[in-house]
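Peer 1: Starting from these lines, generate the structure:
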Amino acid sequence: MKNAKEIKQFVKDHYASIASNGGSCCSCCSCNTDIAKQAQSIGYSEAEIRNIPEGSVMGLGCGNPTALAELKAGETVLDLGSGGGVDVFLAAQKVGENGVVIGVDMTSEMLEKARGNARLGNYKNVEFRSGEIENLPVEDDSIDVVISNCVVNLSPDKLAAYKEVFRVLKPDGRVLISDIVTEGELPDDIRQSFDAWTECIAGAVETQEYLDTITKAGFRDVTVVAKHPFCDHGMDDRLAGKIVSIQIQAYK
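Peer 2: Residues are numbered from 1 along each chain as shown. Take a look at the predicted model:
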């Protein structure tokens, strides 16, 4: 089994390259080469895409957590693995000038891109912090809502990540997470593949294991609110029907 440090560095290097050179993670999405159409296929509206900085839409998600999070004016929102900032900017529009949205990402190149997008869009209620989701640079009991889009599957220690989410949430705070899970065993060679990690496959776990991990971290009312088949185009035939995109809601 590859160790967590190696996995994290490989993932970090991969997403740094995407931020610097372009490209997307087809395995996390609909496999549509048109990024705007890909975003629409996983739940973003044409209006949402049009009303945020173009460079923030990078084709790296597997859902639209802001569509289901029922964000309210004045709330403080945290986005795990914020990338180019697409969900941060959409959340910022929903929470308004009295709300705050914090994006956390471990890749300096992504942070630079996101901050540039924020300046381009003149967003005053957002900030981007450097950090890892297993050790969030966020105060205890300070967040109303945590969102994330196809990121927790990239963590070698998902329980640690969700314990951190629990720590930073206010009492009765909620999470709305879009992520990739499995239904059935994956071949060992795929589990051991660095490339499969960056494609959001090797790190994905069985649906029930994922839900149990959230419960173990302390959350209540853990619910799958949406579920979609994963794009099989161009994938290993052994993965057909085994990779699923889900959106999960839970409360502290």
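
Peer 1: drop to CA atoms for contacts and neighbour counts, all remaining ones
Peer 2: OK.

Peer 1: residues in contact with the nearest residue to residue 10 once chain neighbours are set aside?
Peer 2: Of all residues not flanking residue 10 in the chain, residue 194 sits nearest, at 7.0 Å (Cα to Cα, 6 or more residues apart in numbering). Counting by Cα atoms under 8 Å, 6 or more residues apart in numbering, residue 194 makes contact with 7, 10, 11, 202.

Peer 1: Report the beta-bridge partners for residue 177.
Peer 2: For residue 177, the beta-bridge partners are residue 148, residue 248 (DSSP bridges).

Peer 1: Residue 133 versus that one, what's the distance?
Peer 2: Distance of residue 177 to residue 133, given as Cα to Cα, to the nearest Å: 13 Å.

Peer 1: which residue packs closest to the residue most central in space within the chain, ignoring adjacent ones?
Peer 2: What sits nearest the mean C-alpha location of the chain, by Cα atoms, centre = their mean, is residue 149, with 2.3 Å. Leaving aside its chain neighbours, residue 149 sits nearest to residue 178 (4.7 Å; criterion: Cα to Cα, 6+ apart).

Peer 1: Just give me the neighbour total for that neighbour.
Peer 2: For residue 178, the number of neighbouring residues by other Cα atoms under 10 Å comes to 29.

Peer 1: Just confirm it contacts residue 248, I think it does.
Peer 2: Yes: Residue 178 lies in contact with residue 248 (Cα atoms under 8 Å); the separation is 6.5 Å.

Peer 1: how many other residues sit next to the residue lying closest to residue 219 once chain neighbours are set aside?
Peer 2: Distances taken as Cα to Cα, 6+ apart put residue 252 closest to residue 219, at 5.0 Å, once the chain neighbours are dropped. Here the number of neighbours of residue 252 (other Cα under 10 Å) works out to 21.

Peer 1: what residues are up against residue 252?
Peer 2: The neighbourhood of residue 252, defined by Cα under 8 Å, 6+ apart, consists of 166, 169, 170, 171, 172, 173, 174, 218, 219, 220.
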